[in-house]
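Participant: please work out how this folds:
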Amino acid sequence: MKIRIKNKELRYRLTRSDVKQLAETDYLEDKVNFGEASLTYAIRLTGEKQLSSVYQDDTITLFMPESMATELQNTGKVGFENYVNGLHLLVEKDFTCLDNVREDQSDNYPNPLATGSYEEGD
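Facilitator: Below is the predicted model of the structure:
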């Protein structure tokens with residue numbers, strides 16, 4: 001799982017195994033350490049209808065409806081978004097990069113632009 005934070009946008013990218021684990025356990029987290037301090041970022045499935053988030057105790061938690069996680073796992077749906085109090089929340093599948101990168105991408109989803117299967121609006 002990766003996060004990207006830019007201005008008023010919080011974006012979570014999930015690999016295939018992330019999506020599977022989230023569906024099985026209703027929770028997914030990772031952590032980045034800064035010496036003695038750390039930042040945890042997590043996704044927790046809920047019965048709500050929209051994405052929401054909270055930052056508390058050095059943890060960013062994205063709350064995702066169970067129905068969205070099911071759709072992400074079982075369909076070609078790429079991701080979901082919501083705007084809450086001026087914050088743009090996104091959760092989406094992590095696609096392989098089109099250029100050469102050093103990170104292991106074996107668990108990423110195939111990039112639809114590489115196969116020509118992407119259509120505007122997907």
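
Participant: is it true that residue 51 touches residue 84?
Facilitator: Yes - between residue 51 and residue 84 there is a contact at 7.4 Å, judged by CB atoms under 8 Å. Any C-beta I mention is one placed from the backbone N, CA and C, and that applies to glycine too.

Participant: ok, those two, which is more surrounded?
Facilitator: Comparing residue 51 with residue 84 by neighbour count (other CB atoms under 10 Å), the higher total belongs to residue 51, at 24 against 13.

Participant: dihedrals phi and psi, that one?
Facilitator: The phi/psi pair for residue 51 (degrees, to the nearest 10) reads phi -70, psi 140.

Participant: pLDDT value on it, please?
Facilitator: According to the prediction, residue 51 has pLDDT 97.

Participant: need the contact list for the residue lying closest to it once chain neighbours are set aside.
Facilitator: In this structure, residue 51 finds its nearest non-sequential neighbour in residue 82, 4.0 Å apart by CB to CB, 6 or more residues apart in numbering. Residue 82 makes contact with 50, 51, 52, 88, 89, according to CB atoms under 8 Å, 6 or more residues apart in numbering.
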